[in-house]
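Chemist: my questions concern the predicted model and sequence given below.
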Amino acid sequence: MEQTDVDFTRGFIHVRRSEWEGHVTLPKGGRARQVNMTARLADALRKQRHLRGERILWRADGHPKVTQVLLNKWMSRIQRLAGLKVTGGIHILRHTFCSRLAMAGAPAKAIQELAGHQNLSTTQRYMHLSPAAKSAAIRMLEGPKPEAQNGDGLETMKISSP
């Protein structure tokens, strides 16, 4: 990610490219997108800003190239400090992002767009993590009782006991 990908004014990140084994291509899903930032992320990125180059992440030794090996090393250190299982894998961040959104009750379509999933079926893998989703859906039907007309000119059916 480059510093120009972060829009602090509008509060989002442009996801325009992906780098894998030295090759820069389109992001996962084959298309660019924008992801809104939380206030915490914006604050962290502001604190990370530097004048050493275009990239957000920069090596302590001043070398501009942050490799997959180095990212895995950084992730391993963070996992160790957090008391988590140390895998070094960074894809878990994407999974955690989607999982946390699902557990917070975010709509599947919103998660799909934020994650850049082309198919809703990919996003639905996370939806089982929202334990309140079914009960929240049923509660939507418990709104106020309709009157004689429902506002669009159609009569509502009233059922009475014999």
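Modeler: Everything's here; your move.
Chemist: phi first, then psi, for the nearest residue in space to Q48 that is not next to it in sequence.
Modeler: The spatial neighbour of Q48 that comes closest, neighbours along the chain excluded (CB to CB, 6 or more residues apart in numbering), is I56 at 6.3 Å. C-beta here means a position set from N, CA and C on the backbone, and glycine is covered the same way. Dihedral pair for I56: phi -70, psi -50, per degrees, to the nearest 10.
Chemist: low-confidence ranges in the protein?
Modeler: 62, 64, 131-134, 144-162 (pLDDT under 70).
Chemist: spell out the residue ranges of the helices in it.
Modeler: Counting by DSSP state H, residue ranges of the helices within the chain are 39-48, 68-81, 91-103, 108-115, 120-123, 133-139.
Chemist: buried set for stretch 93-108?
Modeler: 98-99, 101-102, 106, 108 (16 or more other CB atoms under 10 Å).
Chemist: residue contacts, the residue lying closest to C98 once chain neighbours are set aside?
Modeler: Leaving aside its sequence neighbours, C98 sits nearest to Y126 (CB to CB, 6+ apart; 4.6 Å). Each residue near Y126 by CB atoms under 8 Å, 6 or more residues apart in numbering is listed here: 98-99, 101-102, 111.
Chemist: how does it look with 10 Å?
Modeler: 95, 97-103, 106, 108, 111-112, 115, 117 (CB atoms under 10 Å, 6 or more residues apart in numbering).
Chemist: export those to CSV and tack on distance to R52?
Modeler: What follows is the contacts of Y126, written out as CSV (distance: CB to CB, whole Å):
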residue, distance to R52
H95, 30
F97, 27
C98, 32
S99, 34
R100, 31
L101, 33
A102, 37
M103, 37
A106, 36
A108, 40
I111, 34
Q112, 36
A115, 30
H117, 34
